[in-house]
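Participant: Give me coordinates for this.
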Amino acid sequence: PLHLQKCFQYLGYKEGQFPVTEKMCKQILALPIYPELTNEEVEYICDCIKEFFNI
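Facilitator: Numbers count the residues shown, from 1 in each chain. Take a look at the predicted model:
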């Protein structure tokens, strides 16, 4: 979750302050998506997912 990222430590948020956010972050897969993403990078991402799930 963003509130626990190192770059936001100065804000003073602690684990447990946003329990729903923290729970959702453990259940969601965030994939990179942006216009400059190359076909090679997409293939790499797909390969990593396939390897993780033993596909």
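
Participant: Quick check: longest helix in the chain by residues?
Facilitator: Longest helix in the chain, counting residues (DSSP state H): helix 39-52.

Participant: Flag every buried residue along that one.
Facilitator: Neighbour counts over helix 39-52 (16 or more other CB atoms under 10 Å) mark no residue as buried. Quick note: C-beta positions are derived from backbone N, CA and C, even for glycine.

Participant: what about it, distance to the chain center?
Facilitator: From the chain centre to the centre of helix 39-52 is a distance of 15 Å (CA atoms, centre = their mean, to the nearest Å).

Participant: what is the mean pLDDT for that helix?
Facilitator: Mean pLDDT, helix 39-52: 96.

Participant: Could you do stretch 21-31 as well?
Facilitator: Across stretch 21-31, pLDDT averages out at 94.

Participant: chain center to it, what's the gap?
Facilitator: 7 Å.

Participant: Please apply the same query to stretch 26-36.
Facilitator: That offset, for stretch 26-36, works out to 6 Å (CA atoms, centre = their mean).

Participant: in that stretch, what counts as buried?
Facilitator: Neighbour counts over stretch 26-36 (16+ other CB under 10 Å) mark no residue as buried.

Participant: mind saving the C-alpha coords of that stretch as CSV?
Facilitator: C-alpha atoms of stretch 26-36 as CSV (Å, rounded to 0.1, in the frame of the first residue of the first chain):
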residue,chain,number,x,y,z
LYS,A,26,-2.6,-8.5,-0.5
GLN,A,27,-5.4,-9.7,-2.9
ILE,A,28,-4.8,-7.6,-6.0
LEU,A,29,-2.2,-8.0,-8.7
ALA,A,30,-1.2,-4.6,-10.2
LEU,A,31,0.2,-4.9,-13.7
PRO,A,32,2.3,-2.3,-15.4
ILE,A,33,0.3,-0.5,-18.2
TYR,A,34,1.4,2.6,-20.0
PRO,A,35,1.7,3.7,-23.7
GLU,A,36,5.5,3.2,-23.8
